[in-house]
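Novice: Provided below for reference: sequence and predicted model.
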Amino acid sequence: MTRENKTNLFEKTLVQTAFKEAFIKLNPATLYKNPVMFAVEIGTAIMLGVCFWILLGETSQGSFGYNFSIFILLLFTLLFANFAEAIAEARGKAQADSLRKTREETPAKLENGETISSSALIKDMMFICEAGDIIPTDGEIIEGLATIDESAITGESAPVIREAGGDKSSVTGGTKVLSDRIKVKVTTQPGESFLDKMIALVEGANRQKSPNEIALTILLAAFTLVFVIVMVTLKPFADYANVPITIGALISLFVCLIPTTIGGLLSAIGIAGMDRALRANVITKSGKAVETAGDIDVLLLDKTGTITIGNRKATALYPAIGIEMEALEKAAVLSSMSDETPEGKSIIELVQIDPLKYAIQHPIFINFSAETRCSGIDFDQTRIRKGAVDAIKNLVENAGNTFPNEIQLKANEIAQNGGTPLVVSQNEQVLGVIELQDIIKPGIQERFARLRKMGIKTVMVTGDNPMTAKFIAEKAGVDDFIAEAKPEDKMNYIKKEQTEGRLVAMMGDGTNDAPALAQANVGVAMNSGTQAAKEAGNMVDLDNDPTKLIEVVEIGKQLLMTRGTLTTFSIANDVAKYFAIIPALFITAIPALKGLNIMNLHSPETAILSAVIFNAIIIPFLIPLALKGVPYKPIGASALLRRNLLIYGIGGIIVPFIGIKLIDIFISIFF
Ligand SMILES: Nc1ncnc2c1ncn2[C@@H]1O[C@H](COP(=O)(O)OP(=O)(O)OP(=O)(O)O)[C@@H](O)[C@H]1O
Ligand SMILES: [K+]
Ligand SMILES: [Mg+2]
């Protein structure tokens, strides 16, 4: 659930900050990064020079008032463009701060009983949290289990379970421990959390631009350069046609022809896109990730913890023929004594026998891994294992024993209704099978249907057995699934899709998802997931919602569309200025150009002033569109492109004709 849109578009405090920032951004040391607006700044400086020149007695450049008003109008063009970027930054910052507020200075309790401030916590330090404590900073639970209220982050006040081991071990600063006691290891240095990285993305000129944005900036710079050459050649041409052209007219023509509209709004569009991702409770590490999400073809989803709630629980034990239930219970409990996974713990919970009762001497614990797909214990001459059917079957048959048929049937039956069977063996003899049940997250079917409508194929990838996977895949409504997948299988599948030219997004929460999350074009880690998963991905979903990719894709598409349509509009609306300014400059000397004068503006001065005024005020008019983004509909991309080209292309050509004409009528009253 995305946080309600607290800051409306132009909240007073944001506008004030942005207004101040607009002047600060005039500093050429930072403005040069935006070539178009930097060219406008140079033009403004030249106009200031001309005004002084006139004050010193120069008469060939027209009246002081006329040149000074051009200077002021160019200055406002700059201020409007800076304001656009500043208001986008202010909103992004406000949004990020509302998230960061959850990380206020909270006391952190150390193991030795003393408390320090959360800002003094550094990576790998341990702290303790008990019921009622606010978790001081991001960390990974290394001991214990607790129910946590994450509403400060996700807005959902339903308590969630976070426990050591397994895939749900991360806790976030600012959330509240409701019950029990946990020992947490700090996972990030202060100021380097994902949120800090995200805040750097939406604020400050050190924001790294995405490839799409860089490409567009280069294109606009090329455009600007072309017009510099046009201006320079225009001067001798005018002298040859002995048409007196003032510097003011040249500069005005230049500024009106270079793409100042998109040049002024480009960074605002990018920042607003990141801000929309933040509003969807997604922390992204790069603007590129958001844009790539707009072109995703395939979405890979981990099953446990992503499609299903993820705390799979043992619900029943079924002994093999000739095996006592007590023997199976004892083996199941012993093999789960040190099993940190939710599955292992649920077995101890189910059997209700304290493993210490068996007083094992010098046990050797084998922890669960996604590679071996089993876990267990060795002591004396006894070797107990529990794990995936195929893993234990290999173990039993490699030792020359037979895998009991009734256990195979029972395991299939469990799998066929979505359960996960864990087979238990002792000294490579099967003792029985444990049934684990998981729950599919509610409402996931229609979310996948929406992804399909957007042309995205959903694939569930799980380490679980094929029958369980098939059952869950059908119930969840995914398009395809891969079962018994090892971590490298998930990564290889992504590589295969990528070599076929498709962009792949992966959502996961476990350490065994990390290689795949790193390989994917867009890797979304659940915020509850392990630190490894979050490091590997390029996005973190604070809501742990596996279908959050829907919002991310829409934000990505919308960002690319907004940038495209405003560029179209900007280029289109420069066309009209030819008809406004060129005739104004040459009509007297070259009557043949009369045909161009379709706008028949009042006079050359008012024609130039009204073109420059329009060129300046169009920027603030488009700020709301740049910040909100062009409305996105999940219809085909080509239909959408045609619609936008029509509205913003044609619109971009017509609007300036009307705008400049109206302004000309208005200002010619004063002349
Ligand atoms: N604690 C455990 N001890 C022994 N075997 C386990 C344990 N947990 C899971 N398994 C077995 O290992 C298999 C692979 O686990 P893995 O975590 O790779 O996939 P998964 O949890 O079933 O699904 P996903 O890949 O979506 O997380 C599981 O399907 C299960 O049969
Ligand atoms: K322009
Ligand atoms: Mg798993």
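Specialist: Thanks, I have it. Ligands and ions are numbered 1, 2, ... in the order given.

Novice: Roughly how far does the nearest residue to residue 122 once chain neighbours are set aside sit from residue 338?
Specialist: Setting aside the residues directly before and after it, residue 122 is nearest to residue 189 in space (CB to CB, 6 or more residues apart in numbering), at 6.1 Å. The way it works is simple: take the backbone N, C-alpha and C, and place the C-beta from them, glycine included. From residue 189 across to residue 338, the span is 31 Å (CB to CB, to the nearest Å).

Novice: can you check residue 208 too?
Specialist: Relative to residue 338, residue 208 is positioned 45 Å away (CB to CB).

Novice: before we move on, what about residue 294?
Specialist: Applying CB to CB, one obtains 46 Å for the distance of residue 294 from residue 338.

Novice: Please identify which of those two sits among more neighbours.
Specialist: Comparing residue 294 with residue 338 by neighbour count (other CB atoms under 10 Å), the higher total belongs to residue 294, at 23 against 17.

Novice: check contacts around the more buried one.
Specialist: In this structure, residue 294 makes contact with 553, 555-560, judged by CB atoms under 8 Å, 6 or more residues apart in numbering.

Novice: Those residues of the protein touching ligand 2, which are they?
Specialist: Residues of the chain lying close to ligand 2 by CB under 5 Å from the ion are 260, 615.

Novice: Below-threshold pLDDT in the chain: ranges please.
Specialist: Where the chain drops to pLDDT under 70, the residues are 1-9, 102-104, 202-207, 634-637.

Novice: Distance of the residue most central in space within it relative to ligand 2?
Specialist: The central residue of the chain, meaning the one whose C-alpha is nearest the mean C-alpha position (CA atoms, centre = their mean), is residue 284 at 3.8 Å. The span separating residue 284 from ligand 2 equals 31 Å under the rule CB to the ion, to the nearest Å.

Novice: pretty sure that residue is touching residue 195, no?
Specialist: No: counting by CB atoms under 8 Å, residue 195 is not a contact partner of residue 284; they are 11.1 Å apart.

Novice: show me the contacts for the residue in the chain that ligand 2 sits nearest to.
Specialist: Ranking the residues of the chain by distance to ligand 2 (CB to the ion) places residue 260 first, at 3.8 Å. Under the criterion of CB under 8 Å, 6+ apart, the neighbours of residue 260 are 36-37, 40, 77, 81, 570, 615, 619.

Novice: Pick out whichever of those sits closest to ligand 1.
Specialist: residue 570 (46.8 Å; CB to the nearest ligand atom).

Novice: That closest one: how many residues sit nearby?
Specialist: Neighbourhood size, residue 570 [other CB under 10 Å]: 26.

Novice: Could you do residue 211 as well?
Specialist: In terms of burial, residue 211 registers 12 neighbours under the definition other CB under 10 Å.

Novice: and it, backbone torsions?
Specialist: When quoted as degrees, to the nearest 10, the phi and psi of residue 211 stand at phi -50, psi -40.

Novice: What residues does it make contact with?
Specialist: With contact taken as CB under 8 Å, 6+ apart, residue 211 is in contact with 288, 291.

Novice: Helix, strand, or coil at residue 82?
Specialist: helix (DSSP: H, G, I helix; E, B strand; the rest coil).

Novice: Surely it and residue 27 touch.
Specialist: No: if you go by CB under 8 Å, residue 82 and residue 27 don't touch, sitting 9.8 Å apart.

Novice: what about the two, which has more around it?
Specialist: Taking residue 82 and residue 27 together and counting by other CB under 10 Å, residue 82 has the greater number of neighbours (27 against 12).

Novice: What's the local residue count around the residue in the chain positioned nearest to ligand 1?
Specialist: Residue nearest to ligand 1 within the chain: residue 463 (2.2 Å; CB to the nearest ligand atom). Here the number of neighbours of residue 463 (other CB under 10 Å) works out to 23.

Novice: All the strands of the stretch 501-650 of the chain, residue numbers only.
Specialist: Using DSSP state E, counting those that start in this stretch, the strands assigned to the stretch 501-650 of the chain run over residues 504-508, 522-526, 539-541.

Novice: Turn the ones you listed into JSON lines, including mean neighbour count.
Specialist: Below are these laid out as JSON lines (neighbours: other CB atoms under 10 Å):
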{"stretch": "strand 504-508", "mean neighbour count": "30"}
{"stretch": "strand 522-526", "mean neighbour count": "29"}
{"stretch": "strand 539-541", "mean neighbour count": "27"}
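
Novice: between those, which one is nearest to residue 594?
Specialist: Distances from residue 594 to each of the strands of the stretch 501-650 of the chain were compared by CB to CB, and the smallest falls on strand 522-526, at 56.7 Å.
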